[in-house]
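> Here is the input, now give the coordinates:
(chains A, B, C and D)
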Number of protein chains: 2
Amino acid sequence: MTGIRELARHLDISIGTVSRALNGKPDVNEETRRRVLEAAEKLGYVANQSGRALRKGSTGVIGFMMQTGREITGQGDTFFMSVFDGVQTVLARHRLDLVALLCSSEEDPQAYLRRVVARGFADGIILSATRRHDERFEFLARSNIPFIALGRSLTDVGQSWFDLDFEGMADTAIDRLVSHGHRHIAVTRPHDDMNLGYVFVDRCRQALARHGLTLDEAHVFRSTPNEAGGYQIARDLIACKKRPTAVVLVNEAIAIGLYRGLNEAGVKPGRDIAVIGRQSPHSQFLSPRLTCFSLALRELGSSLAESLLATMPAYSKHYPDAAARRLWPMDLVPGESDIFNL
Amino acid sequence: MTGIRELARHLDISIGTVSRALNGKPDVNEETRRRVLEAAEKLGYVANQSGRALRKGSTGVIGFMMQTGREITGQGDTFFMSVFDGVQTVLARHRLDLVALLCSSEEDPQAYLRRVVARGFADGIILSATRRHDERFEFLARSNIPFIALGRSLTDVGQSWFDLDFEGMADTAIDRLVSHGHRHIAVTRPHDDMNLGYVFVDRCRQALARHGLTLDEAHVFRSTPNEAGGYQIARDLIACKKRPTAVVLVNEAIAIGLYRGLNEAGVKPGRDIAVIGRQSPHSQFLSPRLTCFSLALRELGSSLAESLLATMPAYSKHYPDAAARRLWPMDLVPGESDIFNL
DNA sequence: TTGGCTTCCGTAAACGTTTACGATACTATG
DNA sequence: CATAGTATCGTAAACGTTTACGGAAGCCAA
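The predicted structure is shown next:
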C-alpha cells in the first residue's frame, strides 16, 4: 500500500476523487465517498504525512516544547501528562496531533526552536518552562508561527499565554496564615531566570501589606525547584536568626525535601511551622498531609489548546472567545501542615 | 526564505549543487561548499522537512511513544527526561531528532501507532510501557519499521528490547534481607498486564528458594504503580494475619504511599519492617531514607538508542556490536529503611 | 592532437499529496 | 429542442527536496 494511487486504481477512480472523498470535500458523490472510505479503512490507507504537508503547507502537528535532562519546571510527570491529555481532547476535534518536541540539554533552546520552525515541523507550538526574558517569543513572533506559552514572561510580543494564578494563590495563602495568627511568613521562589518567582513574591508582599505586615527579605528563600531545593530551604529556614512561623512553597516538588529537612531539625510541620504548598502526586501522602493548592490539569490543557487554536487562522473561527491571556485558578486543599494557631 | 531555490539564486548556482553541498555529498568543490554553508548559516536556511522526507523516504525523526493521562509506568518525570537526554546524545551524532509521540488516553494505542506509522512520521520508534501481551510489536514487525522496546514482553517477534535487570534486583534484595535474618518477605507487583510483575515475583521466589525459604502467596501485593498503590499495599500488609518483616517494592512511585500507610498504623520502616525500593527523585528525602536500587538513566538512554540504530540499515554499520537484548544493571543504594536485624 | 580520466556542476525527474480548472453527463427550464 | 445550471469526476500542476544522469572543462599521457 504505497499510496493514494494504488487506492485509486483499486477503486478504479482517479486519485483526485479519492483525495476529495477522504478530505470531506463537497465535490464528490456520497456513494463514491462511502466506497472510498470503506476501501481506505479495509486496506489501512493513511495519507502520507510528508506529501500532504508539502502540498498543504501545514503538517497537522502541534508541538509542545520541553527540555530534557533538566529540572527547571519543578512539575511532576503527572502534571504534563494530564495537561497533554487535555490538550489532545481539543486537538482531536480538528484531527491535529500533539507531539512533545524534546530539546536536548546539549542544544541551545533557541537554536533548537529555529531548526524546528525552519523545517516546518509543526503548525503551532506550545512553550513551557518560559524564562523571565525569553527570546523564543521574539523568534516565534518574527517567524509568524502560531504559539502560546504556558507561563508568563517579561518578554512581550503580544503572544498569548496561560499561567497558574499565583496571585490568587499568594492572596489566599497569606490571608489564611495571617488569620491563624502568623506574623512572620516565609516564601520560596525558584532561581532568578524564572518569572514566577518575582510574580509570586511581589504578590505575597502586597498581601502581607494589606494586613499591615512586611515581608522580611531574609524570609525569601531561593532554591532549585526540585526535592533538593526543598531540603536546602529547610536548612536555611532553620538557620534563620528570626525564624518564621510559616512558609509558602511555590513549587510542586520541593515539599518533600522541606519536610525532611525540618524533621531532621526536630521542627514538625503543622505544629512548629505552618507549611502551604502545591499539590503533587505525593502531597497527600506526606505526614502531615500537605495543605496545598490544586488545579484542574486536564481542563487547563483543553483551555490552553483552545487559546492556541484561536490564534491560528484555520481554526480561529471555532474559538471566537478563547481568552488570549489567562490565569488559571487554583483551589486550596486543606491538609494538616498548616493547622495550628499561634 | 522560502527554500533552496532562493538560496541557489542568491549564490548564483544550481539547486542541485546547493543540495549536494549541504548534504556533504562528494561531487562538490570545497570552496563552493564553504560558500553554500556560509550563506545557509547567514540566511538561516534549514531544509524543509516535508520536501526532504517526501523525496528521501525518511524523516530523520525517532519517536518515543508514551501514553498521556495515565499512570501506567510508575516512573517519575526525571526518569524519562534523563533517558531522553541519553537517547539524544546518540541520535545527535546522526542528525536525528527525538520527539515524544503522545497517545491520548482516548485513543487506542494500537490505532495510534498504526496512524503514526502509515503517515510515515518516524524512521524508528521506541516503545515504553510495554504490556505482557503487546500487539504493537507484531504490528511494527509486520510494518517493517525499526523499533525497540523499553521493557520486556511475552510477545516475541524477534524485536530488540531493553529492560531493567529486575532479576538482579530480586537476587540482591532477597539475599540482603535474608542475611539480616528476615524469613517472611513480601514483594509487590503492578497489575496483571505488566510483564514486570511476573518476572520480578518469579525471581524473588527463586531467590528465596535458594535460602530454603518460600514466598507466601499472601505476601505478593498487587497495586497500581503510583503513590495511592503504595498506600494500599501498606494497608494490605498490616491487615495480613501473618505480617512479613520486610517488603521489596518494584515500582518507583509507591514508596511514599507505603510510608504513609505504615506510619498511620504505627509501623516504622527500618525498625518494624524493612523496606527496599527503587530510587526516585524523592527516595532520599523520605524518613527514614529509602534503601533503593538506582540506575544510570542517561547511559541507559544512550545504549537504548544505539541498539535501535543497530536495527536500522542506514546506521547499523556504526553499531556492529550493540546488544539487541539487554538487562540494564541496577545498584543498591543503602539507606536506613532496611537496616535492622531480627 | 587525441583520447580518457577527473572534477565539478546543471538539468530534470521523482517522492505522494492537494486542488484549481475544465470536461462530461444529467436535470431543469424556457 | 436549446440552453443554463448542477453534480460529479479526471487532469495536471504544484509543494521543496534529493539524486541519477549527462555535460563541460581541465588535466595528463600517449
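
> May I see the buried residues of stretch A:208-222?
A:208, A:213, A:215, A:219-221 (16 or more other CB atoms under 10 Å in any protein chain shown). All C-beta atoms are positioned from the backbone trio N, CA, C, and that covers glycine.

> With stretch A:268-280 instead?
For stretch A:268-280, by 16+ other CB under 10 Å, it's A:269-270, A:273-280.

> Stretch A:303-321 now?
Neighbour counts over stretch A:303-321 (16+ other CB under 10 Å) mark A:303-312, A:315, A:319 as buried.

> and chain A, which residues reach DNA strand C?
Proximity of chain A to DNA strand C (CB under 7 Å from any atom of the strand) is limited to residues A:2-5, A:15-16, A:19-20, A:22-23, A:25, A:27, A:45, A:47-48, A:50-52, A:54-56.

> give me that answer again for 6 Å
A:2-5, A:15-16, A:19-20, A:22-23, A:47-48, A:51-52, A:54-56 (CB under 6 Å from any atom of the strand).

> are any of the residues you listed buried, and which?
A:4, A:19-20, A:22, A:47-48, A:51-52, A:54.

> Contacting DNA strand D as well, which ones from those residues?
Near DNA strand D, judged by CB under 6 Å from any atom of the strand, the entries from these are A:Leu54.

> Return the subset of the buried residues of stretch A:303-321 lying in helices.
A:303-310 (DSSP state H).

> Of those, which is the nearest to chain B?
Proximity of those to chain B (CB to the nearest CB) peaks at A:Ala305, which lies at 11.7 Å.

> List the residues that contact that closest one.
With contact taken as CB atoms under 8 Å, 6 or more residues apart in numbering or on different chains, A:Ala305 is in contact with A:62, A:86-91.

> confidence score at it?
For A:Ala305, the model assigns a pLDDT of 97.

> quick one: it and DNA strand C, what's the gap?
A:Ala305 is 23 Å from DNA strand C, where distance means CB to the nearest atom of the strand, to the nearest Å.

> if I pick the most centrally placed residue in chain A, what's in contact with it?
Nearest residue to the geometric centre of chain A (CA atoms, centre = their mean): A:Leu150, 4.6 Å. By CB under 8 Å, 6+ apart, the contact set of A:Leu150 is A:83, A:126-128, A:130, A:161-163, A:304.

> What is the burial count for the residue of the stretch 151-300 of chain A found nearest DNA strand C?
Of all residues in the stretch 151-300 of chain A, A:Ser160 sits closest to DNA strand C, at 25.9 Å by CB to the nearest atom of the strand. Around A:Ser160 sit 18 other residues, with neighbours defined as other CB atoms under 10 Å in any protein chain shown.

> My guess is it contacts A:Leu304. True?
No: in this structure, A:Ser160 is not within contact of A:Leu304 by CB atoms under 8 Å, at 9.2 Å.

> what residues do these two have in common as contacts?
Common neighbours of A:Ser160 and A:Leu304, counting by CB under 8 Å, 6+ apart, are A:Ile148.

> from the stretch 101-250 of chain A, which residue is nearest to DNA strand C?
Closest point on the stretch 101-250 of chain A to DNA strand C, by CB to the nearest atom of the strand, is A:Gly120, at 13.0 Å.

> Please report the distance of whichever residue of the stretch 201-342 of chain A sits closest to DNA strand C from A:Gly124.
In the stretch 201-342 of chain A, no residue comes nearer to DNA strand C than A:Ala314, which is 10.2 Å away by CB to the nearest atom of the strand. Note on A:Ala314: its distance to A:Gly124, by CB to CB, to the nearest Å, is 10 Å.

> I'd like the buried residues of stretch A:268-280 written out as TSV, with secondary structure and pLDDT added.
What follows is those, written out as TSV (DSSP: H, G, I helix; E, B strand; the rest coil; pLDDT from 0 to 100):
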residue	secondary structure	pLDDT
A:Pro269	strand	96
A:Gly270	coil	95
A:Ile273	strand	97
A:Ala274	strand	98
A:Val275	strand	98
A:Ile276	strand	98
A:Gly277	strand	98
A:Arg278	strand	96
A:Gln279	coil	95
A:Ser280	coil	93
